[in-house]
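Q: Just need the structure, nothing else, for what follows:
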Amino acid sequence: MSSNWAASALNWWEVAGVDTVVGEEARDWLNPKAKAAPVPAVPAPAALPDTLTAFHDWLATTADLPFATPAARREAPVGDPDSGLMVLVDMPSPEGGLLAGEAGALFDKMLVAIGRGRDTIYLASLSPIRTPTGIIDDKFSARLGDVARHHIGLVAPKTLLMFGDICGKALVGAPVAGARGKWHEIATAKGPIKTLVTIKPEKLNDMPGMKKLAWADLQMLMEELT
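A: Residues are numbered from 1 along each chain as shown. Next comes the predicted model:
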């Protein structure tokens, strides 16, 4: 009877399509594990241009940036990259351009106070594209920070002045409240760049009592530039 049972079982396995009693590869039957699905490779961002001119062209055309769409307006850096002073803002102004409108007028006064003008600084933005909300989420900050760090290295200014929480968090890891009033160093391919973080002109217009703090930061900047 046992032989008939075995024959029936073998016949059933054959009907079920089982044509071998063991797998071709060894298996640990006491510790079975599901075979992991292959993880698709994530392509690395393309290498950034290694000259400032080529980098400007890349900023104007690349799709490899947050908020980049065919219809998105982009604002290019302006000023003199050999001036020794680079100024970084988070994004273009609502009016268009970098530091325009009332904020731009106050910024121009700040420059005069340190003996500079827009033609004697290099002005750029963390993102060349303004977001619809005027805010850059943290999930985009790392990528924009990497691009900005490369940008800073290409310019290699004597000092960098950054405005606002978004720039501060992306490049020195702290908002203005925790970053201002002291020097930082940003590591670049050209070496460390001395950096100050201060309050945005937009905020200074809304809260004039904070101008004394920004003036203290500008005095630190003047001492380093002289």
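Q: contacting residues around the residue sitting nearest the centre point of the chain?
A: Nearest to the geometric centre of the chain sits L144, at 1.8 Å (C-alpha atoms, centre = their mean). Neighbouring residues of L144 by C-beta atoms under 8 Å, 6 or more residues apart in numbering: 65-66, 126-127, 136, 170. For glycine as for every other residue, the C-beta is placed from the backbone atoms N, C-alpha and C.
Q: among these, which ones are buried?
A: For the contacts of L144, a neighbour count by 16 or more other C-beta atoms under 10 Å gives the buried set as 65-66, 126-127, 136, 170.
Q: from these, which is closest to L106?
A: When the buried ones among the contacts of L144 are compared for distance to L106 (C-beta to C-beta), L126 wins out at 19.7 Å.
Q: about what we covered before: buried stuff in the helix or strand hosting the residue nearest to the centre of the chain?
A: Here L144 sits within helix 138-155, counting by DSSP states H and E. Within helix 138-155, the residues that count as buried by 16+ other C-beta under 10 Å are 140-141, 144-145, 147-155.
Q: contacting residues for E95?
A: G101.
Q: State the three-state secondary structure for I135.
A: Following DSSP: H, G, I helix; E, B strand; the rest coil, we place I135 in the coil state.
Q: For it, grab the count of nearby residues.
A: The number of residues packed near I135 is 10, by other C-beta atoms under 10 Å.
Q: Please report how far it lies from L161.
A: Distance, I135 to L161, using C-beta to C-beta, to the nearest Å: 22 Å.
Q: same check, this time on D119
A: Distance from D119 to L161, by C-beta to C-beta: 16 Å.
Q: more neighbours, those two?
A: L161 (24 against 10).
Q: so E185 sits in a helix?
A: No. Counting by three-state DSSP, E185 is not found in a helix; it is strand.
Q: can you start the count at 25 instead of 1 from here on
A: Understood, numbering begins at 25; the last thing we discussed is E209.
Q: Report the beta-bridge partner residues of it.
A: Note on E209: beta-bridge partners by DSSP bridges are K218.
Q: Just the closest of the buried residues of helix 162-179 to T77, please.
A: Nearest to T77 among those is L178, at 9.5 Å by C-beta to C-beta.
Q: and the closest one, what is it in contact with?
A: 74-76, 79, 214.
Q: three-state assignment of the residue lying closest to F164 once chain neighbours are set aside?
A: Nearest residue to F164 in three dimensions, chain neighbours excluded: P90, at 4.0 Å (C-beta to C-beta, 6 or more residues apart in numbering). What three-state DSSP gives for P90 is coil.
Q: ok, so what distance separates P90 from S165?
A: Distance, P90 to S165, using C-beta to C-beta: 9 Å.
Q: Now tell me which helix or strand of this protein has the poorest mean pLDDT.
A: Within the chain, no helix or strand scores below helix 26-39, which has a mean of 45 by mean pLDDT, DSSP states H and E.
Q: Show me what the helix or strand that that one is followed by is in contact with.
A: Moving toward the C-terminus from helix 26-39, the next helix or strand (DSSP H and E) is helix 76-85. Contact partners of helix 76-85, identified using C-beta under 8 Å, 6+ apart, comprise 72-73, 89, 98, 100-101, 105, 152, 174-175, 178-179.
Q: Next: stretch 133-145.
A: Residues contacting stretch 133-145 (C-beta under 8 Å, 6+ apart): 102-104, 107, 109-111, 132, 225, 238-239, 242, 245-246, 249.
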